[in-house]
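>>> Sharing a sequence plus its predicted fold:
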Amino acid sequence: MYLPEINFLTANNLPEVLRINAASESPWSEAVIRSDLQENSQNEITYLGAFATVPEAPLLGYAVLGREKRVGILMSILVDKIYRRRGVGTQLLLAVGDCAAYLNMRRLRLRVRKSNAGAIALYSKLSFVGENVRRGYYSNGEDAIVMSAGLPLKLKS
């Protein structure tokens with residue numbers, strides 16, 4: 001497993017976040033991301049990025065943590081296609097879980113496309129369990145599975 005360096009993202013990281021976001025199946029608007037990463041943003045959103053451990057390393061992937069009372073919401077997690085299946089997503093999720101626990105959240109919740117077997121396997125490996133299904137949640141009509149896990153996240157062996 002590759003161990004990237006995990007850091008909080010800022011407006012300086014905007015070009016790389018947008019690059020990875022553009023390759024997503026459901027990209028967010030640039031305006032939303034730009035607003036979230038502003039230094040004085042009032043949004044209770046945290047962006048964490050995974051970087052290679054070499055000088056001037058590119059952003060390998062990022063995750064977005066939101067909040068609903070005492071529950072953290074994994075709003076997005078994206079890993080650059082050329083760095084997938086190397087443990088970057090796992091490391092990002094563990095970092096999001098640590099961040100949420102530090103902010104006194106008790107659980108981490110997410111929604112995932114029912115067809116995204118790879119992501120569901122990753123989340124299950126980190127002790128996420130399905131809570132319910134949101135019918136027609138995505139713009140193409142696909143269902144979402146709502147999953148959650150207690151904090152801190154635990155990697156199943």
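Noted; the coordinates are in hand.
>>> could you show me where the helices are in this protein, in order?
14-22, 30-37, 88-102, 117-125 (DSSP state H).
>>> hey, which of the ones you listed is tucked in deepest?
When neighbours are counted by mean count of other CB atoms under 10 Å, the highest per-stretch mean among the helices of the chain falls to helix 88-102, a mean of 21. In this view, the C-beta of every residue, glycine as well, is placed from N, C-alpha and C.
>>> Can you add distance to residue 47 and mean pLDDT and give the helices of the chain back as JSON lines?
As requested, the helices of the chain are arranged in JSON lines below (distance: least, CB to CB, whole Å; pLDDT from 0 to 100):
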{"stretch": "helix 14-22", "distance to residue 47": "7", "mean pLDDT": "96"}
{"stretch": "helix 30-37", "distance to residue 47": "6", "mean pLDDT": "94"}
{"stretch": "helix 88-102", "distance to residue 47": "10", "mean pLDDT": "96"}
{"stretch": "helix 117-125", "distance to residue 47": "19", "mean pLDDT": "94"}
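>>> can you list those helices in a markdown table and add distance to residue 63?
As requested, the helices of the chain are exported to a markdown table (distance: least, CB to CB, whole Å):
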| stretch | distance to residue 63 |
| --- | --- |
| helix 14-22 | 11 |
| helix 30-37 | 12 |
| helix 88-102 | 4 |
| helix 117-125 | 12 |
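>>> Quick check: which of those is nearest to residue 59?
Of all the helices of the chain, it is helix 14-22 that lies closest to residue 59, at 3.8 Å by CB to CB.
>>> which residue ranges form the strands in the protein?
Taking DSSP state E as the test, the strands found in the chain are 5-8, 46-51, 59-68, 71-79, 107-113, 129-134, 144-150.
>>> Could you export these to JSON lines, including columns for mean neighbour count, distance to residue 93 and mean pLDDT?
JSON lines is the format used below for the strands of the chain (neighbours: other CB atoms under 10 Å; distance: least, CB to CB, whole Å; pLDDT from 0 to 100):
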{"stretch": "strand 5-8", "mean neighbour count": "15", "distance to residue 93": "10", "mean pLDDT": "94"}
{"stretch": "strand 46-51", "mean neighbour count": "21", "distance to residue 93": "10", "mean pLDDT": "96"}
{"stretch": "strand 59-68", "mean neighbour count": "21", "distance to residue 93": "7", "mean pLDDT": "96"}
{"stretch": "strand 71-79", "mean neighbour count": "21", "distance to residue 93": "7", "mean pLDDT": "96"}
{"stretch": "strand 107-113", "mean neighbour count": "20", "distance to residue 93": "8", "mean pLDDT": "97"}
{"stretch": "strand 129-134", "mean neighbour count": "12", "distance to residue 93": "15", "mean pLDDT": "95"}
{"stretch": "strand 144-150", "mean neighbour count": "19", "distance to residue 93": "9", "mean pLDDT": "97"}
